[in-house]
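Enquirer: everything below, folded, please.
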Amino acid sequence: MRIWVDADACPAPIKELIVRTARRLKIPAVFVANKHIGVPDSAFISTVRVELGPEIVDEFIAERAEPGDFTITQDIPLASVLVPKGITVINPRGELYTEENIRERLSIRNFMQDLREAGGITPGPRQFGQKEKQRFSDTLDRELTKRLKLQGN
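Expert: Just a heads-up that it's a prediction; the model follows:
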């Protein structure tokens, strides 16, 4: 099992939680970005810097993530590729993407993008705070515990 992090837009408090979790559970975490990402030295933490360009980070993760892995991303199109492969996907606000909800999330995302491209004004993301950090922590812990039990650890 590996934790893949779409690190370009991942909030710093979430990165810190992932680092602590990876160290505690001895699970490799890979932070993928198209810019430098500072992470602490650890045998369980690594970074990959990819070229600049649309979807390069997403393509990198999609090509390498395997069933049983975890991915942290707010990119719904990436999540829609990973979930059917048996990869657990969580966004930085703690929402778990599943077979049951990913199509709806992708549809809403595409609708909002079409609306913006047509000149419509859409609300920006909600403020990220302690509540979102706690929800992410709870979801990550719950889903990792499930996965580890399935693997017999």
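Enquirer: so what does the spatially most central residue of the chain look like in phi/psi?
Expert: With distances taken as Cα atoms, centre = their mean, the chain has Ile72 as the residue nearest its mean C-alpha position (1.4 Å). Torsion angles at Ile72 (phi, psi; degrees, to the nearest 10) stand at phi -110, psi 120.
Enquirer: let the chain start at 8 from now.
Expert: Done: numbering now begins at 8, and the last item shifts to Ile79.
Enquirer: which helix or which strand is home to the closest residue to it other than its chain neighbours?
Expert: Residue nearest to Ile79 in three dimensions, not counting chain neighbours: Val12, with 4.8 Å by Cβ to Cβ, 6 or more residues apart in numbering. Quick note: C-beta positions are derived from backbone N, CA and C, even for glycine. Val12 belongs to strand 10-13 when assigned by DSSP states H and E.
Enquirer: what do you get for Ile128?
Expert: Under DSSP H and E, no helix or strand contains Ile128.
Enquirer: pLDDT score assigned to it?
Expert: Looking at Ile128, its pLDDT stands at 76.
Enquirer: now swap in Phe118 and tell me
Expert: On the pLDDT scale, Phe118 is placed at 66.
Enquirer: list the contacts of the residue nearest to Ile79.
Expert: Lys22, Ile25, Ala36, Val37, Phe38, Val39, Thr78, Ile79, Thr80 (Cβ atoms under 8 Å, 6 or more residues apart in numbering).
Enquirer: let's see that with 6 Å instead.
Expert: Counting by Cβ atoms under 6 Å, 6 or more residues apart in numbering, Val12 touches Ile25, Phe38, Ile79.
Enquirer: just curious, which of those residues is nearest to Leu151?
Expert: Proximity of those to Leu151 (Cβ to Cβ) peaks at Ile25, which lies at 10.6 Å.
Enquirer: count the neighbours of the closest one for me.
Expert: 25 (other Cβ atoms under 10 Å).
Enquirer: can you check Leu85 too?
Expert: Neighbourhood size, Leu85 [other Cβ under 10 Å]: 22.
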